[in-house]
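Novice: show me how the following folds:
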Amino acid sequence: MGTIPREYSSKLYRNLFWLVLAAITLIRLAFAGNFGLGTDESHYVMYARHLAWGYFDHPPMVAFLAALATIFGKSPFFIRLGPIICSTMSLVVLRYLALALYKDERIPFWAIILLHLMPYQHLLMVGLLPDATLNVFWCATLFAAWCAIKNGKWTAWLLAGFLFGAALLSKYHAVLLPLCLFGYLLTSAAHRHWLSRIQPYTALLVGVAVFLPNIIWNASNGWISYKFQLARGGGGGFEVGKIFETFGGQLAAWSPVICGLLIVSLIVSLRNKHLAEADRFAIWMSIPVFVFFCGIGIIGKILPHWPSVGWWTGSLVVTKIVLQGLSQEKQSAKQWRNWSVAAVVSGAVMTLILYAGILYPIVAPIYNQARSISAVLHRYIPSIQPLKPYQAKFDISNDLYGWDKIADEVEAIRASMPRPEKTFIFCHRFFPASQLAVQLSADTVVTSLRHRPNQYHLWFSPKDYAGWDALFIDEDRHFKGPGRYRPLFGGVNSKPEIIKVLRDGLLAHEIRVYKYFDFRGEFEKR
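Specialist: Numbering: from 1, shown residues only. Have a look, this model is predicted:
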């Protein structure tokens, strides 16, 4: 059997890439409006109502994106339209980065397939999250930096610096970009000379200049955002349990087999005594991200998606090594093929389960079945305790549903207050406060009175509302009861109004609404 001509193969994979990208984008657009906003998404829409150069926990780019998206409409579809466009742009830039590195059309095609076999990537490529613009500017910075390293043009260096600044304005994770580039240049005999030239440092200064508005905002707000982010890495020191939690989160977010392929690909690359510059670059732009965040997770706490940006170049590393492995002798190629098939099957199954969990309440029946099994096991092995009865809060996808109905009933309760025009609404946590606020009219005062600092401490001045009445939305995920906030008011009706929301016949939310009177004008004391 003859081999496929390289020209034909390149054209085939190029066309397949654009076909897959178009199909995925259309699927996302069709999917985007089928469920409500998540907790983070609602909070970032609230950012857009209070545009600034910084926020308690993030730089401003996600707020700018939300503000642009909501010009066209307030529905989840329009709010997610911006992130979907950003995801498409990121994949396009990744394609050109892959071609600049490897000049092989197969790599960007299989890289896009690989990225979409990772369950959590689907959330990051649809949801209104800081990762949407971070991915664009991260990939674009690397593309510009690679071009600058290869051709030495000042314009390429300056563009890389500007894009780096935009990445910093997207998410503080981008601070790893110059560190990754420094590591690459330091270990590259061919390009180490750039460390003694002014261009990379000028690019770094350009990036800092673009980021300067956020620095000024933080300086005028007590460095609140930087302090918060630095404190998130702390968690009481090393614990064995944190190792399992950190790495278990990575396996669940990206698929165990794909994570295994990344590790194997790194080992294969490092064993290569003549490592290609393209491979060295891709490794340095991905692996340090995983090492950094997993290292933090071992001594502190991370969220599973924090290292996600490392997968954009990490997918190139895995694709290159797998294709290389498939071209080896028969037995070795068979092993690579088996692992590749396992990665496709496991990733696809996990992704389908993710989508099913978002669109349908599948957690309740699965949990109840597991509870029945645990009860049987308990009869034979008493040390195994049966699972607790199912509660709606066990299904985190319920957060995507019902907040419009909750808002309607809360508004009706507020209308029944003695002074509805001087009645604000508050929650214990800031996330449900935002989920409720985006469903209410923009002039409705919604906040969190919890002592722990959050974004609402910057938006809400308690003294301005002294003497007002309030409704406390006590949500079922963390019932607090009326007593906790009683000292902040002159009086409280301890009998709550109950709001219940069903999702396909199953309880999704049970909200208790307490009426408070005569606010004293202060946040909760510690």
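Novice: give me the below-cutoff pLDDT ranges for the protein.
Specialist: Within the chain, the ranges that satisfy pLDDT under 70 run 1-8, 233-236.
Novice: okay, now the domains of it?
Specialist: In terms of domains, the chain is parsed into 6-357, 363-390, 397-519 (source: automatic domain parsing).
Novice: what comes up buried for the shortest one?
Specialist: It refers to domain 363-390. Buried residues in domain 363-390, counting neighbours by 16 or more other Cβ atoms under 10 Å, are found at 363-364, 367, 387, 390. C-betas here are computed from N, CA, C, even on glycine.
Novice: same deal with stretch 166-180?
Specialist: Here stretch 166-180 shows 166-174, 176-178, 180 as buried, counting by 16+ other Cβ under 10 Å.
Novice: cool, stretch 198-216 as well?
Specialist: Neighbour counts over stretch 198-216 (16+ other Cβ under 10 Å) mark 199-200, 203-204, 206-207, 210-211, 213-215 as buried.
Novice: one more: stretch 18-33?
Specialist: Going by neighbour count (16+ other Cβ under 10 Å), the buried part of stretch 18-33 is 21, 24-25, 28-29, 31-32.
Novice: how far out from the middle of the chain is it?
Specialist: 19 Å (Cα atoms, centre = their mean, to the nearest Å).
Novice: leaving out chain neighbours, which residue sits closest to residue 145?
Specialist: Spatially, and ignoring its direct neighbours in sequence, residue 145 is nearest to residue 160 (4.4 Å; Cβ to Cβ, 6 or more residues apart in numbering).
Novice: looking at it, the one you found is touching residue 139, isn't it?
Specialist: No: counting by Cβ atoms under 8 Å, no contact exists between residue 160 and residue 139, whose distance comes to 11.9 Å.
Novice: quick one: secondary structure of residue 266?
Specialist: Recorded secondary structure, residue 266: helix (DSSP: H, G, I helix; E, B strand; the rest coil).
Novice: kindly report the same for residue 447.
Specialist: For residue 447, the reduced secondary structure class is strand; criterion used: three-state DSSP.
Novice: for it, give me its contacts.
Specialist: 424-426, 433, 456, 459-460 (Cβ atoms under 8 Å, 6 or more residues apart in numbering).
Novice: run the last query once more with 7 Å
Specialist: Contacts were defined as Cβ atoms under 7 Å, 6 or more residues apart in numbering; by that measure residue 447 touches 424, 426, 433, 456, 460.
Novice: how deep is residue 100 tucked in, by neighbour count?
Specialist: Other residues near residue 100 come to 15 when the count uses other Cβ atoms under 10 Å.
Novice: which element is it on?
Specialist: With elements delineated by DSSP states H and E, residue 100 resides in helix 76-102, which encompasses its position.
Novice: in that helix, what counts as buried?
Specialist: Along helix 76-102, these residues count as buried under the neighbour rule (16+ other Cβ under 10 Å): 76-95, 97-99, 101-102.
Novice: my read: residue 407 touches residue 440, true?
Specialist: Yes: under the criterion of Cβ atoms under 7 Å, residue 407 lies in contact with residue 440, with a separation of 5.3 Å.
Novice: those two: who's more crowded?
Specialist: The residue with more neighbours, out of residue 407 and residue 440, is residue 407; 22 against 18, by other Cβ under 10 Å.
Novice: gap between the more buried one and residue 439?
Specialist: Taking Cβ to Cβ, to the nearest Å as the criterion, residue 407 is separated from residue 439 by 3 Å.
Novice: go on, residue 221?
Specialist: Taking Cβ to Cβ, one finds residue 221 at 28 Å from residue 439.
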